[in-house]
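Participant: build me a model from this:
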Amino acid sequence: MSMMLLDQETKDALQQLYGETIEAMELAKKSPDLDDLAAVFAVALLKLGLATGFIEQKYPGFAKDVEEKRQRVITALQQEQVAKH
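Facilitator: Presented below is the predicted three-dimensional model:
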């Protein structure tokens, strides 16, 4: 996927979603039990999903690009683990 320039409305919306995601992750640091931690992770994942979907609406193929990159990272981490053993 080529480099894209985001319009101001998209930048503003993403900035808000990023801020909310960071806020959720900050709460995760303070979570006293797994139930709270699971709820905080759920919120953070929801916000990231919303951000991905928002961009996908304006730039079709973005979500596929994200998934392909996620898979590459997973593969690289697995290869690193194998190399250590």
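Participant: contact partners of the helix or strand hosting residue 80?
Facilitator: Per DSSP states H and E, residue 80 falls inside helix 62-84. The contact list for helix 62-84, computed with Cβ atoms under 8 Å, 6 or more residues apart in numbering, reads 1, 52-53, 55-56. For every residue, glycine as well, the C-beta is placed using N, CA and C.
Participant: now, of those residues, which are buried?
Facilitator: Neighbour counting with 16 or more other Cβ atoms under 10 Å marks residue 55 as buried within the contacts of helix 62-84.
Participant: closest one of the contacts of helix 62-84 to residue 26?
Facilitator: Distance to residue 26 across the contacts of helix 62-84 (Cβ to Cβ) is lowest for residue 52, with 20.9 Å.
Participant: buried residues in the strand or helix carrying residue 15?
Facilitator: Under the criterion of DSSP H and E, residue 15 resides in helix 8-30. Going by neighbour count (16+ other Cβ under 10 Å), the buried part of helix 8-30 is 10, 13, 17, 20-21, 24, 27.
Participant: show residues contacting that helix.
Facilitator: Residues outside helix 8-30 that contact it (Cβ under 8 Å, 6+ apart): 6, 37, 40-41, 43-44, 47-48, 50-51, 54-55, 58.
Participant: show the buried residues in those.
Facilitator: Neighbour-count burial (16+ other Cβ under 10 Å) applied to the contacts of helix 8-30 gives 40, 43-44, 47-48, 50-51, 55.
Participant: flag the shaky bits of the chain, pLDDT-wise.
Facilitator: 1-4 (pLDDT under 70).
Participant: looking at it, which helix is longest?
Facilitator: helix 34-58 (DSSP state H).
Participant: run a quick neighbour tally on residue 59.
Facilitator: 15 (other Cβ atoms under 10 Å).
Participant: and it, how far is that from residue 70?
Facilitator: 17 Å (Cβ to Cβ, to the nearest Å).
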